[in-house]
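1. give me a 3D structure for the following:
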Amino acid sequence: MAKKPRMDTNKHESGGTTEHTENTERKRRDNGKHKGVIMPVPATAIELPEGYTGFLVEIKEQIKQERLKAVISANSALVLMYWNIGRSILNRQNREGWGAKVIDRLSVDLKYEFPEMNGFSSRNLKYMRKFAECWPDISIVQELLAQISWYHNLALLEKLKDQNLRLWYAHQSIENGWSRNILAMQIESKLHKRIGQTANNFEIALPPDDSDMANQIFKDPYLFDFLGTAEVRKESELENKLIEHLEKFLLELGQGFAFVGRQVHMEVGGDDFYIDLLFYHLKLRCYVVVELKSGKFCPGHVSQLTMYMNIVDDMLRHPDDKSTIGLLLVKEKNHLVAKYALMANKKPIGVAEWEQQITDSLPENLKPSLPSIEEIEKELDKEANE
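-> Next up, the predicted model:
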């Protein structure tokens, strides 16, 4: 009886195992293709208005054109692109009555089309629309608002309602190199109401240009939120606190102040005198003598400060320097009394109050910064969750 040919079971099993392994591996790869990828919402998920597809194409082309002009991370290009997107959304909604759900769908589609880019969340797209609505004139955006970060612009939109104030703080941010946190702090402290409020004699003691500049440099009151919770009662204690937190103190003083020294020793006719704090202002091109008082203003303070300013003008002032300016910081003052005390004084002096505040609004890192889009998105998501 003829033997049936022997089946090579090992080969068959081996081949079957290999085929099964390849199929499993193929499925694993296919399943992994979509991990971490944002898939578009099915068209049936929401009712899309007529013209949406063409609108989406326009937005895609707009983004592609901007990316060709400049690296997308470039701040100016980014802000201008956001304004253009916001204007496009605004125009469509005004013309065709599109609702908020379209923005949600647009967010998903843009994320899918540009997965490597951030900033297309529904929340941020709505900010773009609001940005374009608040600033219909592109020239303002190009000349000013594109010079500050998108995060700065969000702070202006959220914390201020008045357009002129928004522009003022935008100018100040550029001029002073404020980070977004510093900008927010200055808005909350109402800096615009404190600038130029000192009791002073700048108008009669300084040339017109210098008088105007000094008025814009000095403020009243000065807010110190780093003094601690205990009430400051002595000048020496106040001085120690200001020096201990010199970087924050300089921030409150404003741009241009360079610290020279504390308790600066001056010997005059064999007598010793000590200036509390001495600065040099880079824009005014002059020394600034700061005297600290823990109590109420009295006219005698002006005489003491005037003498210190005379000494500095005589012993430290360079021929190219302008006249020394004095700043008297007091815990409390009668504005009218201070004005009368300065009226006949030929030395430029400002009198301002200092206030001890308890707040956490001042960040530890005081250096100007430009947040990344990733940081903006995280912050927006955090605020949305809250």
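
2. and the contacts of stretch 220-231?
-> 189, 194, 197-199, 238, 241-242, 245, 248-249, 252-253, 329, 350-359, 361-362 (CB atoms under 8 Å, 6 or more residues apart in numbering). Placement of C-beta: from N, CA and C, glycine included.

3. which ones among those residues lie within helices?
-> Counting by DSSP state H, these place 194, 238, 241-242, 248-249, 252-253 in helices.

4. quick one: the helices in the stretch 1-150 of the chain?
-> Ranges of helices in the stretch 1-150 of the chain, per DSSP state H, counting those that start in this stretch, are 9-32, 52-69, 75-96, 100-113, 122-134, 138-143, 150-159.

5. any regions of the stretch 101-250 of the chain where pLDDT drops low?
-> 229 (pLDDT under 70).

6. can we see that at 80?
-> 228-230 (pLDDT under 80).

7. what's next to stretch 202-209, contact-wise?
-> For stretch 202-209, the surrounding residues in contact (CB under 8 Å, 6+ apart) are 210-211, 214-215, 323, 345-350.

8. coming back round to it: for the ones in helices among the contacts of stretch 220-231, which single residue is the most surrounded?
-> Neighbour tally across those (other CB atoms under 10 Å): the maximum, 26 neighbours, falls on Leu242.

9. that residue and Phe259: what is the separation?
-> As judged by CB to CB, to the nearest Å, Leu242 and Phe259 stand 10 Å apart.

10. which residues are common contacts for the two?
-> Residues touching both Leu242 and Phe259 (CB under 8 Å, 6+ apart) are Leu277.

11. circling back to that earlier point, how about the contacts of stretch 202-209 in TSV, adding distance to Glu116?
-> Converted to TSV, the contacts of stretch 202-209 look like this (distance: CB to CB, whole Å):
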residue	distance to Glu116
Asp210	52
Ser211	54
Ala214	50
Asn215	50
Ser323	58
Asn345	64
Lys346	65
Lys347	61
Pro348	57
Ile349	58
Gly350	53
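
12. restricted to buried residues, select those in ChimeraX.
-> Buried members of the contacts of stretch 202-209, defined by 16 or more other CB atoms under 10 Å, are picked up in ChimeraX with:
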select :210,211,214,215,323,345,347,348,349,350
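
13. what about the contacts of stretch 202-209, which are in strands?
-> Applying DSSP state E to the contacts of stretch 202-209, the entries found in strands are 349-350.

14. farthest-separated two in the contacts of stretch 202-209?
-> With CB to CB as the measure, no two of those lie farther apart than Asn215 and Lys346, at 17.7 Å.

15. re earlier: now the helices of the stretch 1-150 of the chain as TSV including distance to Asp314 and mean neighbour count?
-> Shown next, in TSV, are the helices of the stretch 1-150 of the chain (distance: least, CB to CB, whole Å; neighbours: other CB atoms under 10 Å):
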stretch	distance to Asp314	mean neighbour count
helix 9-32	80	10
helix 52-69	58	14
helix 75-96	48	18
helix 100-113	67	18
helix 122-134	53	19
helix 138-143	46	14
helix 150-159	45	21
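
16. any chance of those helices in TSV, plus distance to Val290?
-> Shown next, in TSV, are the helices of the stretch 1-150 of the chain (distance: least, CB to CB, whole Å):
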stretch	distance to Val290
helix 9-32	65
helix 52-69	48
helix 75-96	36
helix 100-113	52
helix 122-134	40
helix 138-143	36
helix 150-159	30
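
17. for the closest residue to Leu246 other than its chain neighbours, what are its contacts?
-> What sits nearest to Leu246 in space, not counting adjacent residues and going by CB to CB, 6 or more residues apart in numbering, is Phe259, at 6.3 Å. Going by CB under 8 Å, 6+ apart, Phe259 touches 246, 250, 277, 279.

18. run the chain-centre distance for the host helix or strand of Phe259.
-> Phe259 belongs to strand 257-268 when assigned by DSSP states H and E. In terms of CA atoms, centre = their mean, to the nearest Å, the centre of strand 257-268 is set 32 Å apart from its chain centre.

19. can you list the strands that it pairs with?
-> Counting by DSSP bridges, the strands paired with strand 257-268 are strand 271-281 (antiparallel).

20. quick check: buried residues in the strand it pairs with?
-> 275-281.

21. looking at these, spot the one nearest Arg105.
-> His281 (54.8 Å).

22. who does that closest one form a beta bridge with?
-> Beta-bridge partners of His281, as defined by DSSP bridges: Phe257, Cys286.

23. where's Ile174 relative to Leu242, distance?
-> Look at Ile174 and Leu242: by CB to CB, they are 27 Å apart.

24. list phi and psi for the nearest residue to Glu252 once chain neighbours are set aside.
-> Nearest non-adjacent residue to Glu252, counting by CB to CB, 6+ apart: Tyr222, 5.7 Å away. Dihedral pair for Tyr222: phi -90, psi 130, per degrees, to the nearest 10.

25. same question for Gly99.
-> Here the main-chain torsion angles of Gly99 (degrees, to the nearest 10) amount to phi -100, psi -170.

26. check contacts around it.
-> Residues in contact with Gly99 (CB under 8 Å, 6+ apart) are Gln93.

27. any idea how far it is from Leu106?
-> In this view, Gly99 and Leu106 are 12 Å apart by CB to CB.

28. export stretch 243-252 as PDB, just CAs?
-> Taking Å, rounded to 0.1, in the frame of the first residue of the first chain, the C-alpha atoms of stretch 243-252 are listed here in PDB:
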ATOM      1  CA  ILE A 243      17.200  97.700  49.500                       C
ATOM      2  CA  GLU A 244      16.400  94.100  50.400                       C
ATOM      3  CA  HIS A 245      13.900  94.100  47.500                       C
ATOM      4  CA  LEU A 246      15.900  96.500  45.300                       C
ATOM      5  CA  GLU A 247      14.900  94.900  42.000                       C
ATOM      6  CA  LYS A 248      11.200  95.300  42.900                       C
ATOM      7  CA  PHE A 249      11.700  98.800  44.200                       C
ATOM      8  CA  LEU A 250      13.400  99.800  40.900                       C
ATOM      9  CA  LEU A 251      10.500  98.300  39.000                       C
ATOM     10  CA  GLU A 252       8.000 100.500  41.000                       C
END
